[in-house]
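>>> I would like the atomic coordinates for the input below:
(chains A, B, C and D)
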Number of protein chains: 2
Amino acid sequence: MGATYGQFCPIAKAMELLDERWTMLIVRELLYHPMHFNELRRGMPRMSPSLLSKRLTQLERAGLVDRHATGNEVEYRLSAAGAELRPVLEGLAAWGVRWMGQAGQRELDPKLMMRQLALFVDPTRMPDRRNAIEFQFTDMPAKLCNWWLVVDPDGADVCDFNPGHEVTLTVRAPLVALVDWWLGNRGWSELTGSGTVELTGPSVVRRGFPHWFELPAFATVPRADVPLTVG
Amino acid sequence: MGATYGQFCPIAKAMELLDERWTMLIVRELLYHPMHFNELRRGMPRMSPSLLSKRLTQLERAGLVDRHATGNEVEYRLSAAGAELRPVLEGLAAWGVRWMGQAGQRELDPKLMMRQLALFVDPTRMPDRRNAIEFQFTDMPAKLCNWWLVVDPDGADVCDFNPGHEVTLTVRAPLVALVDWWLGNRGWSELTGSGTVELTGPSVVRRGFPHWFELPAFATVPRADVPLTVG
DNA sequence: CAGTATCCCTTATGATACTG
DNA sequence: CAGTATCATAAGGGATACTG
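The predicted structure follows:
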């Protein structure tokens, strides 16, 4: 735990636990589903492994996170206390999406975007048992342009190389547009209608794409008329 | 603003602003009502004035706080964006009171307790136009034992010396019991019934006391069966 | 009332490499 | 996969005194 505030106020007590850097993001990840160490790292690529390890120890000691070892694998889950932070995190997400404006250029990380798609894709809504979707991000440097999302009934994987499967659909767009769609800043039909997003594939598949994903709940939160300007 | 996370996730964006030490407590204070610099200091006695000044500047730049100068007085208010953090703070308070267990001995600050009483007392519910309530905290060192809450229609003041007004009611109790009542950990009738809290004054006044205050909303949140153990 | 000015010092954190 | 080990720097923050 971090430093104390010396106040009996429950907000102060809660923040003693939660206001350390990265802590809320770890909770966010584990609200998606239980995860292994390296899966958590993928969700927070800018966090060093030693710091992640330290935070997980702190959160386990505090009782927010349970560590389940099976063999030499370790799975991290939220405890009951941790899981009850969900409404707080949802409130924060709604506030953030409403007031924190457009995603800044600097936050655009294609790997994180692809990871969200993989986390929230629903295989049962897709046309085939095994689907490969190719993404071409037109606003990224060459090395970060091409990605593939491979989905089968057991889950989804992300590759930055052609996995060799037949491609069900190709999505060509600036990453910034895809992120804006994901966050709910812009609608899908607006993006395809204007040509910002180009889809290549059978028309049934093209029309189906935006419905394959469980969009985050905050996507429908109304935006502030005058969002905060990013520092 | 603190360091960035480099993620477009709205929780990450929100926490870049909000996860710095003391920030949420400042928002909490300003959710009570607009305040001057020194009034904020009273709500966060362990924060140095330079740090408070720095945080206020950050929050103003971020657009969460508005600074209103009149003459040489400065009032801090929440902006619309700041005010919309209320549900988040309420969620945090509910979570904190539910999971963070009893107030630790170290968090017991009589001055902060008296300040809460002054902030949330409702003069219209009290018997006289001017009321003085004396508090005797039996578990505090001599210097911190005796306090007076003086309430008139314009507001309430706290003294650590006898203000000279006629005393309407005397409350004699361990501070820890009063805090527990305030947080909703223990009921008032339980505390008076067991003799933990002793009231001296006319019976009408004694019975009225617990209703003079607007108890915090989180006081009614059910507690966890097994709260987290404080680090 | 509303802050500044210093000063010191711990600690937090990022980066990187390595292990079983 | 699941972490440790090491290191150096920067920043954060507490305490205190002082100003207009």
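>>> so A:Arg28 sits right up against A:Leu89, yeah?
Yes: counting by CB atoms under 8 Å, A:Arg28 touches A:Leu89, with 5.8 Å between them. No exception for glycine: its C-beta is placed from N, CA and C like everyone else's.
>>> Identify the contacts common to the two.
Taking CB atoms under 8 Å, 6 or more residues apart in numbering or on different chains as the criterion, A:Arg28 and A:Leu89 both touch B:Ile11.
>>> Taking chain A, what residue is nearest to DNA strand C?
Residue nearest to DNA strand C within chain A (CB to the nearest atom of the strand): A:Arg21, separated by 3.1 Å.
>>> can you pull the contacts of that residue?
A:Arg21 touches B:Gly2, B:Ala3, B:Asp19, counting by CB under 8 Å, 6+ apart.
>>> Give me the buried subset of those.
Neighbour-count burial (16 or more other CB atoms under 10 Å in any protein chain shown) applied to the contacts of A:Arg21 gives B:Asp19.
>>> Just the closest of the contacts of A:Arg21 to DNA strand D, please.
Using CB to the nearest atom of the strand, the contacts of A:Arg21 come closest to DNA strand D at B:Gly2, 5.0 Å.
>>> Can you pull the phi/psi pair for the nearest residue to the closest one once chain neighbours are set aside?
Excluding the flanking residues, the one nearest B:Gly2 by CB to CB, 6 or more residues apart in numbering or on different chains is B:Glu20, at 4.7 Å. Phi and psi for B:Glu20, reported as degrees, to the nearest 10, are phi -80, psi 150.
>>> how much space between B:Glu20 and A:Pro202?
B:Glu20 sits 50 Å away from A:Pro202, going by CB to CB, to the nearest Å.
>>> between these two, which one's more packed in?
Set B:Glu20 next to A:Pro202 and count neighbours by other CB atoms under 10 Å in any protein chain shown: B:Glu20 wins out with 19 against 12.
>>> Buried residues, stretch A:77-93. List them.
A:Leu78, A:Ser79, A:Ala81, A:Gly82, A:Glu84, A:Leu85, A:Val88, A:Leu89, A:Glu90, A:Gly91, A:Leu92, A:Ala93.
>>> cool, and stretch A:163-175?
A:Val167, A:Thr168, A:Leu169, A:Thr170, A:Val171, A:Ala173, A:Pro174, A:Leu175.
>>> Name the SS class of the residue of chain A closest to DNA strand C, please.
Three-state assignment for A:Arg21 (DSSP: H, G, I helix; E, B strand; the rest coil): coil.
>>> Against A:Gly6, how distant is it?
The gap separating A:Arg21 from A:Gly6 is 21 Å, by CB to CB.
>>> all helices of chain A, in order?
All helices of chain A, identified by DSSP state H, fall at A:10-18, A:23-32, A:37-43, A:49-62, A:80-83, A:86-99, A:110-120, A:175-183, A:188-193, A:203-208.
>>> Could you identify which of the ones you listed is most buried?
Using mean count of other CB atoms under 10 Å in any protein chain shown, the stretch among the helices of chain A with the greatest mean number of neighbours is helix A:10-18 (a mean of 25).
>>> Specify the angle between that helix and helix B:10-18 in degrees.
Taking axes from the mean of the first three to the mean of the last three CA atoms, to 10 degrees, helix A:10-18 and helix B:10-18 form an angle of 110 degrees between their directions.
>>> what's helix A:10-18 packed up against?
Judged by 3 or more CB pairs under 8 Å, 6 or more residues apart in numbering or on different chains; DSSP states H and E, the packing partners of helix A:10-18 are helix A:23-32, helix B:23-32, helix B:86-99.
>>> May I see the buried residues of stretch A:77-93 arranged in CSV, with pLDDT as well?
As requested, the buried residues of stretch A:77-93 are arranged in CSV below (pLDDT from 0 to 100):
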residue, pLDDT
A:Leu78, 98
A:Ser79, 97
A:Ala81, 97
A:Gly82, 98
A:Glu84, 98
A:Leu85, 98
A:Val88, 98
A:Leu89, 98
A:Glu90, 98
A:Gly91, 98
A:Leu92, 98
A:Ala93, 97
